[in-house]
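>>> I need the structure of the sequence given here:
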Amino acid sequence: MTEQPHVPEPFATRVGEGEALWWFGALAEVKVTAEQTGGLLSILEITEPPGAEAPLHVHHREDEGFWVLAGDVSFEVGGTTIQAGAGDFAFGPRGIPHRYSVGPNGCRMLFIMTPGGFEGLVRGMSIPAERRELPPPMNEEPDFERLGAVAQEYGCELLG
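All right, here's what the predicted structure looks like:
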């Protein structure tokens, strides 16, 4: 029998709670952390502007679920394209390169990561949000060398 990790205690994260971060052009709200779940999972609520795109990347440590709450998102997972709208779920297994593109109305979705810990990557690539809304447009190019190093630290590889 496999021993389950110890979860310290029951908890709830309410609307408007959780660490808020500006992650490139998105608002990332950390709803559930690996620390809270004994490492089992992490959940982040991500709000993306219209036309936002995640670059092709691969997670080597965790599986990633995407639950679209509002808007439309096109996911490419391996060779499969998944069109997802509000209420739809898409799954990206670890080790399979994936990316997504947000539709013309923006989106709000949950990233559900198993096991937990992905919030560390997001923190390493973000700044604290001044408000729980999309950040102002970026005026400079990201430091791709630093981002690649942060991604590698958390078992993620940026492919393009």
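>>> any idea how far residue 140 is from residue 10?
For residue 10, the distance to residue 140 equals 43 Å [C-beta to C-beta, to the nearest Å]. Backbone N, C-alpha and C define where each C-beta goes, glycine included.
>>> Go through the longest strand belonging to the chain and flag the buried ones.
Counting by DSSP state E, the longest strand found in the chain is strand 98-114. Under the neighbour-count criterion of 16 or more other C-beta atoms under 10 Å, strand 98-114 has 98-100, 102-103, 106-114 buried.
>>> Export these to TSV and append columns for pLDDT and distance to residue 59.
Listed next are these as TSV, based on pLDDT from 0 to 100; distance: C-beta to C-beta, whole Å:
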residue	pLDDT	distance to residue 59
98	97	8
99	97	12
100	97	13
102	98	19
103	98	23
106	98	24
107	98	20
108	98	21
109	98	16
110	98	16
111	98	11
112	98	12
113	98	8
114	97	10
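>>> Closest one of the residues you listed to residue 127?
residue 111 (18.5 Å; C-beta to C-beta).
>>> Any stretches of this protein with poor pLDDT?
Applying pLDDT under 70 to the chain flags the ranges 1-7.
>>> could you pull out the helices for it?
Here the chain has its helices, by DSSP state H, at 118-124, 144-153.
>>> Let's have the ones you listed in TSV, adding distance to residue 18 and mean neighbour count.
Formatted as TSV, these follow (distance: least, C-beta to C-beta, whole Å; neighbours: other C-beta atoms under 10 Å):
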stretch	distance to residue 18	mean neighbour count
helix 118-124	10	20
helix 144-153	20	13
